[in-house]
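In: model this:
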Amino acid sequence: MPIRIDIHPEVKKALESNHGVVALESTIISHGMPYPDNLTMAEKVEAIVRENGSVPATIAVLDGVVKIGLNPEELKTLATHEDVMKVSRRDIPYLLANRAHGATTVSGTMIFAQMAGIKVFATGGIGGVHRGAEETFDISRDLEELADIDMAVVCAGAKSILDLPKTLEYLETKGVPVLGYGTNELPAFYTRESGLSVDYEVKNPDMVASMMKAKFESGLKGGMVVANPIPEKDSLSKTYIDNIISAALALAEKKGITGKAITPFLLSEIKDRTDGKSLEANLALVYNNAKVAALIAAAYANQQ
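Out: Numbering: from 1, shown residues only. Presented below is the predicted three-dimensional model:
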């Protein structure tokens, strides 16, 4: 069964004319927050990309068809439909064969964006090595796609519920450079601080675009992480969020929650324990990443 891909006319025109395009995930829409907040967020992210010189391509699967860019009705379907799967690499065959709806994770978005020829992707935070992975082997598929797909992924670092030192080690082993956008420290999602160094600090979109061009055209397979800190005014205190994450992790262990259930559980706990401040921070960093990704995509297009 061939994969059926539908590229939105605006995205197709941008790709054909060498205009900047930014891939956007859809899991945050279907599984990240309730309606209508999720739709408002998705529309704002797309608007930010356009305001900063690129075309947004929100990626999802609807009725088994891969959509590269969504129209307003399709965006609303993702935001309101009750039966939308989370889609990573392993889920794609089932989803396509059953002609179901699917919202793409980081890894799923990267796979479909690559098929369309998109080189820049904006998300909140990438997955990584989970705490206790030496016993559970729980490592996000995101890291494997970063090792295999030529793409710049703009994020606020890896989710801070993860083992960040091990995540950096894994990326280093896979040859994935971690760039700090205006910083030499790895941002930790809700906070700008982690105490960990990035591989290289980059100061503007042109520097990132030049590194993309050099890497992709040299035949060095794989992508790069552009770690873009949450704006300072929206950042949570490192001590504050670390304490909350520790308490949420302890509760998850007590309840025996593991595997793919652990991330949504922890994020929900963190939201409750911060009285919603974590969700506000999440939105702020997503918007900031969309802006930076749009600028990078435009700069990369100019260098082609």
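
In: let me know the helix or strand that residue 179 is in.
Out: strand 178-181 (DSSP states H and E).

In: go through that strand and flag the buried ones.
Out: Using 16 or more other CB atoms under 10 Å as the test for burial, strand 178-181 gives 178-181. C-betas here are computed from N, CA, C, even on glycine.

In: nearest residue to residue 236 other than its sequence neighbours?
Out: Distances taken as CB to CB, 6 or more residues apart in numbering put residue 190 closest to residue 236, at 4.6 Å, once the chain neighbours are dropped.

In: below-threshold pLDDT in the stretch 201-304 of the chain: ranges please.
Out: For the stretch 201-304 of the chain, no stretch is flagged by pLDDT under 70.

In: quick one: the helices in the chain?
Out: 9-16, 27-31, 37-51, 72-80, 92-97, 106-116, 133-136, 141-148, 164-173, 205-217, 238-255, 262-273, 277-302 (DSSP state H).

In: how close does the residue positioned nearest the centre of the chain sit to residue 104?
Out: Central residue of the chain (CA atoms, centre = their mean): residue 123, 2.7 Å from the mean position. To residue 104, residue 123 is 10 Å away according to CB to CB, to the nearest Å.

In: any residues in contact with both of those two?
Out: By CB atoms under 8 Å, 6 or more residues apart in numbering, residue 123 and residue 104 have these common neighbours: residue 25.

In: turn the helices of the chain into TSV, columns for mean neighbour count and distance to residue 228.
Out: Output for the helices of the chain, formatted as TSV (neighbours: other CB atoms under 10 Å; distance: least, CB to CB, whole Å):
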stretch	mean neighbour count	distance to residue 228
helix 9-16	17	22
helix 27-31	23	16
helix 37-51	18	13
helix 72-80	17	24
helix 92-97	15	28
helix 106-116	24	15
helix 133-136	12	25
helix 141-148	21	16
helix 164-173	18	16
helix 205-217	18	10
helix 238-255	15	17
helix 262-273	18	20
helix 277-302	23	5
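
In: adding distance to residue 61, write those out as TSV.
Out: Shown next, in TSV, are the helices of the chain (distance: least, CB to CB, whole Å):
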stretch	distance to residue 61
helix 9-16	16
helix 27-31	11
helix 37-51	16
helix 72-80	10
helix 92-97	5
helix 106-116	8
helix 133-136	29
helix 141-148	16
helix 164-173	27
helix 205-217	26
helix 238-255	30
helix 262-273	20
helix 277-302	21
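
In: residue 296 versus the nearest residue to residue 284 once chain neighbours are set aside, what's the distance?
Out: Closest residue in space to residue 284, ignoring its immediate chain neighbours: residue 234 at 3.6 Å, by CB to CB, 6+ apart. Note on residue 234: its distance to residue 296, by CB to CB, is 21 Å.

In: for residue 185, same thing?
Out: Taken as CB to CB, the span from residue 185 to residue 296 is 20 Å.

In: run the chain-centre distance for stretch 89-106.
Out: Put simply, stretch 89-106 sits 17 Å off its chain's centre (CA atoms, centre = their mean, to the nearest Å).

In: burial count for residue 87?
Out: Other residues near residue 87 come to 30 when the count uses other CB atoms under 10 Å.
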